[in-house]
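>>> just coords:
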C-alpha cells in the first residue's frame, strides 16, 4: 500500500539529490542550487499535499523544482546581484554527474534551456512527455532542445573544447 505521508528525513533521503541536481542544472552553481533546493522542500512542507503514488510525488517535486528555478533565475534579486567566486569559502557539493566526467562537464556548459532538458532526459530518465509537462512547453519544443543540445555536445566533445 502507498504511504502518502512520509517523514521529512525520509523525503530528504529519497529526493534531495534529485531536486538538487535539477536545481544545479538550472542555476549552474552550488550556492543558487542549494537555495532552490531548500525552497522546493519548504514548498512541499507548506503544501501538505496528498499523493497517489511515488511517481506522483516525484513529478510534483521535479515540477516545483523547475518552476522555483525559473522564478529564482528571473527574479529582480538574481538579475541585479553581484557575481561571486564559487572557489571562495567552504568546500562545495556538486552532483556526482558533474564530477570527473567530460560529458557531464560539457553538459554543464550548455546554455540553461538545453542543460535542463538533457538532465531530465538522461539523468532523471523522464520521457519527452513528462519533461514537457514539467517545463510547461510542447513535446516538439523538448525534442528540438534535445536535438540541438546533442548537436552542441557532439561538436564540443569532438573538438575537445568545452566552453560554450
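Sure thing, it's come through. Model, not experiment: these values are computed from the prediction.
>>> From here on, just use CA atoms for contacts and neighbour counts.
OK.
>>> any idea which element residue 133 lies in?
Using DSSP states H and E, residue 133 falls within helix 128-135.
>>> swap in residue 142?
Counting by DSSP H and E, the element that carries residue 142 is helix 139-159.
>>> same check, this time on residue 57
Here residue 57 sits within helix 54-74, counting by DSSP H and E.
>>> Show me what that helix packs onto, helices and strands only.
Judged by 3 or more Cα pairs under 8 Å, 6 or more residues apart in numbering; DSSP states H and E, helix 54-74 is in contact with helix 8-27, helix 30-47, helix 128-135.
>>> how about those, which one is nearest residue 158?
helix 8-27 (22.4 Å; Cα to Cα).
>>> so who does residue 25 touch?
Residue 25 is in contact with 108, 112, 115-116, 119, counting by Cα atoms under 8 Å, 6 or more residues apart in numbering.
>>> which ones are touching the spatially most central residue of the chain?
The residue lying closest to the centre of the chain (Cα atoms, centre = their mean) is residue 22, at 1.3 Å. If you count contacts by Cα under 8 Å, 6+ apart, residue 22 has them with 62, 65-66, 116, 119-120.
>>> Give me the buried subset of those residues.
62, 65-66, 116, 119-120 (16 or more other Cα atoms under 10 Å).
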